[in-house]
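[1] let's see this in three dimensions:
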Amino acid sequence: MSLKKKSIDGLKWSFFETIGVRLFSVSTYFILAKLLDPAAFGLVALTNTFIFFSEIFVEQGFVAALVQKKDLVSYHLSSAFWGNLVLGVLLFCITYLCAPWIASIYDEPVLADILRVHAITYIISSFAKVHLAMLQRELLFKKIAIARTTAIVVSCIVSIILAYLGYGAWSLVFQQIIFNFLQTILLWILDKWKPNLEFSWHHFREIFSFGSKVMLNQSTSYLIRYTDTLLIGYFLGTGPLGYYSFAQKIFITLTDLVNLTFNKVIFSVFSMLQNEREKLVKEFYKFADLMATVAFPLFTMAFVFTPHAVPLFFGEKWAASTPIIQVFSVAGILMCFYSCFNNLFPGIGKVGLNLRIKIFYLAVSLILIYIAVQFSVELVAATHILAMLITLIIMITFTRKFINLNVYQYLASIIKPLPVSLLIAVLVYISSKAVKEVTLPILIAQAFVSVAIYLGYLIMFKPDLLAELRAPRSKKGVKAQ
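    Purely as a prediction, here's the structure:
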């Protein structure tokens, strides 16, 4: 099976995993919001924020390092396994000791117990990082999808039951523990690799030197994602922050739907071809084209359907989030293009450059957000568009240097879905103006027509892609050279 077919097969299973994990996690998030009282849900939010940031330090970038490493030997794998396990135990101890201090900052004594219990997941997840990296390296995303989807379904069901039984914030803690435990067990079953009793500082440093840069990249991405929330809460208060957070949740869900589906496959393919620049640039154009094919229609529909869909599904109280969601829809398209470059640089070993670009992006965002937050949340959302455009120009400039990117060919590859996206937007706008009120049946009809137009576009202009998606899957992985 060719690399293109292996990539398509990987994308299908990565998409399946993303849909499964995101569907259940987001659904659980909203269900818990209804089941838990405000105080308990506040604890859930605080714990969640700590979980996301701490997980970056548990992973230490080892998965990306093992996927990217060209000449991988047994010592790399075993050293990464034992080193990651030690780091997981170390972070558990640090969290256990610091939990009371963190709880005192938020004046929530029970938060200390929650953080201490949850910290066990750092040790559990450490056992699975090398197995996850090996499956990703070989593009065996079907096995990853089976493990993660099974784990999220079971853990979310248990979490909802616990919430009904009155366990409050603990329901999320146990959900995370069960998810990590089941995922680890399934990954060990699906990937037959087992660690040897060997450790090499030399090989560990090779992995850690790359992984630590990835970790810094991920930490910077975390700050980029959550800094605006902190500043809005400080300057504008919880009311505007509520509308902004609601819109941001939808924005993150949609961007993750695209980016998490593509990122693992794109990074793996770019890593494989890092020394074959002609093939690499061709694959880059293909992935840019494919990502645009998904991003343009998806975020265009989010833009045009939001004014009527939000009140219908979430109530009039969330109508003020509409303009924020629409601004985020434009930013979402740019974010998908940014994601492609964000995987290219680490894939060809330019992690340091990628980190410097992210730090620049964070600095620009902070300046723009600080100015915009003095006026409105809509303007804060708009800063994402400007900061992303500036960063994309810089990324394109460096990419021309490393892989001989032709800017005109790149723009030609991503602009193709724009006409059909604009057609969908115009038809939805005209049909909405033609009726007195957009009811649920009308909204469903508009969505059906929009999807039909998009599928027609794929049939007429992307027949090769549809053929690949229908092609039989190979049962074998693709070994990295």
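[2] near the residue lying closest to Val173 once chain neighbours are set aside, how many other residues are there?
    Leaving aside its chain neighbours, Val173 sits nearest to His118 (4.9 Å; criterion: C-beta to C-beta, 6 or more residues apart in numbering). Bear in mind the C-beta positions are built from the backbone N, C-alpha and C, glycine included. Neighbour count for His118, taken as other C-beta atoms under 10 Å: 23.
[3] next: Leu355.
    Burial of Leu355 is recorded as 21 neighbouring residues (other C-beta under 10 Å).
[4] what about it, helix or strand, and which?
    Applying DSSP states H and E as the criterion places Leu355 in helix 351-372.
[5] helices or strands next to that helix in the packing?
    On a contact count with 3 or more C-beta pairs under 8 Å, 6 or more residues apart in numbering; DSSP states H and E, helix 351-372 meets helix 201-235, helix 322-347, helix 377-403.
[6] got the buried residues for the helix or strand harbouring Leu87?
    Following DSSP H and E, one finds Leu87 within helix 74-106. Neighbour counts over helix 74-106 (16 or more other C-beta atoms under 10 Å) mark 75-85, 87-88, 91-92, 95, 99, 103 as buried.
[7] picking up where we left off before, same list (the helices and strands packed on helix 351-372) but as a markdown table, adding distance to Tyr167 and mean pLDDT.
    Formatted as a markdown table, the helices and strands packed on helix 351-372 follow (distance: least, C-beta to C-beta, whole Å; pLDDT from 0 to 100):
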| stretch | distance to Tyr167 | mean pLDDT |
| --- | --- | --- |
| helix 201-235 | 27 | 71 |
| helix 322-347 | 33 | 84 |
| helix 377-403 | 34 | 87 |
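[8] distance from the helix holding Leu355 to the middle of the chain?
    19 Å (C-alpha atoms, centre = their mean, to the nearest Å).
[9] same deal with stretch 163-173?
    In terms of C-alpha atoms, centre = their mean, the centre of stretch 163-173 is found 26 Å from the chain centre.
[10] what are the buried residues along the helix holding Leu355?
    By neighbour count on 16+ other C-beta under 10 Å, the buried set for helix 351-372 is 351, 353-358, 361-362, 364-366, 368-369, 372.
[11] pLDDT of the longest helix belonging to the chain, averaged?
    Longest helix of the chain, by residue count under DSSP state H: helix 277-314. The pLDDT scores in helix 277-314 average 83.
[12] before we move on, the earlier item: need the max-distance pair from the buried residues of helix 351-372.
    Across the buried residues of helix 351-372, the longest distance by C-beta to C-beta is 30.6 Å; it joins Val351 and Ala372.
[13] distance check, Leu187 against Phe141.
    Distance from Leu187 to Phe141, counting by C-beta to C-beta, to the nearest Å: 13 Å.
[14] oh, I was asking about Glu278
    Going from Glu278 to Phe141 by C-beta to C-beta gives 26 Å.
[15] neighbour-wise, which of the two wins?
    More crowded of Glu278 and Phe141, by other C-beta under 10 Å: Phe141, with 26 against 10.
[16] quick one: that one and Leu132 touch, right?
    No: the pair Phe141 / Leu132 is not scored as a contact, 10.8 Å apart, by C-beta atoms under 8 Å.
[17] distance from the chain centre to stretch 365-378, please.
    With C-alpha atoms, centre = their mean, you get 24 Å for stretch 365-378.
[18] hmm, I was thinking of stretch 327-337
    For stretch 327-337, the separation from the chain centroid amounts to 14 Å (computed by C-alpha atoms, centre = their mean).
[19] going forward, begin numbering at 50 instead of 1
    With 50 as the first residue, the last one maps to stretch 376-386.
[20] and for it, what's in contact with it?
    The contact list for stretch 376-386 (C-beta atoms under 8 Å, 6 or more residues apart in numbering) reads 296-297, 299-300, 303-304, 307-308, 337, 340-341, 343-345, 347-349, 351-352, 355, 427, 430-431, 433-434, 437-438, 441, 463.
[21] let's see that with 6 Å instead.
    Contacting residues not belonging to stretch 376-386 are listed as 296, 300, 303-304, 307, 340, 344, 348, 351-352, 430-431, 433-434, 437 [C-beta atoms under 6 Å, 6 or more residues apart in numbering].
[22] does Cys389 touch Ala337 like I think?
    Yes: assessed by C-beta atoms under 6 Å, Cys389 is found in contact with Ala337 at 5.5 Å.
[23] who touches stretch 388-395?
    Everything outside stretch 388-395 that qualifies as a contact, by C-beta under 6 Å, 6+ apart, is 308, 312, 315-316, 319, 336-337, 340, 402-403, 444.
[24] tell me which two of these sit farthest apart.
    Met340 and Leu402 (21.1 Å).
[25] hmm, back to that, and the angle from the helix holding Leu404 to helix 371-396?
    160 degrees (axes from the mean of the first three to the mean of the last three C-alpha atoms, to 10 degrees).
[26] distance check, Ala200 against Leu136.
    Where Leu136 is concerned, Ala200 sits at a distance of 22 Å (C-beta to C-beta).
[27] typo on my end, Leu235
    22 Å.
[28] what stretches of the stretch 400-530 of the chain score poorly on pLDDT?
    Where the stretch 400-530 of the chain drops to pLDDT under 70, the residues are 513-530.
[29] again, only using 80
    Along the stretch 400-530 of the chain, segments meeting pLDDT under 80 span 400-404, 450-454, 462, 510-530.
[30] sorry, back to before: can you tell me which of the contacts of stretch 388-395 has the most neighbours?
    Going by other C-beta under 10 Å, Ile315 tops those with 27 neighbours.
[31] returning to that earlier point: let's have the contacts of stretch 388-395 in JSON lines, adding distance to Leu115.
    Formatted as JSON lines, the contacts of stretch 388-395 follow (distance: C-beta to C-beta, whole Å):
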{"residue": "Asn308", "distance to Leu115": "21"}
{"residue": "Asn312", "distance to Leu115": "16"}
{"residue": "Ile315", "distance to Leu115": "17"}
{"residue": "Phe316", "distance to Leu115": "12"}
{"residue": "Phe319", "distance to Leu115": "15"}
{"residue": "Phe336", "distance to Leu115": "21"}
{"residue": "Ala337", "distance to Leu115": "26"}
{"residue": "Met340", "distance to Leu115": "25"}
{"residue": "Leu402", "distance to Leu115": "21"}
{"residue": "Asn403", "distance to Leu115": "18"}
{"residue": "Met444", "distance to Leu115": "25"}
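[32] and of those residues, the nearest to Trp367?
    Distances from Trp367 to the contacts of stretch 388-395, taken by C-beta to C-beta, are shortest for Asn308, at 24.7 Å.
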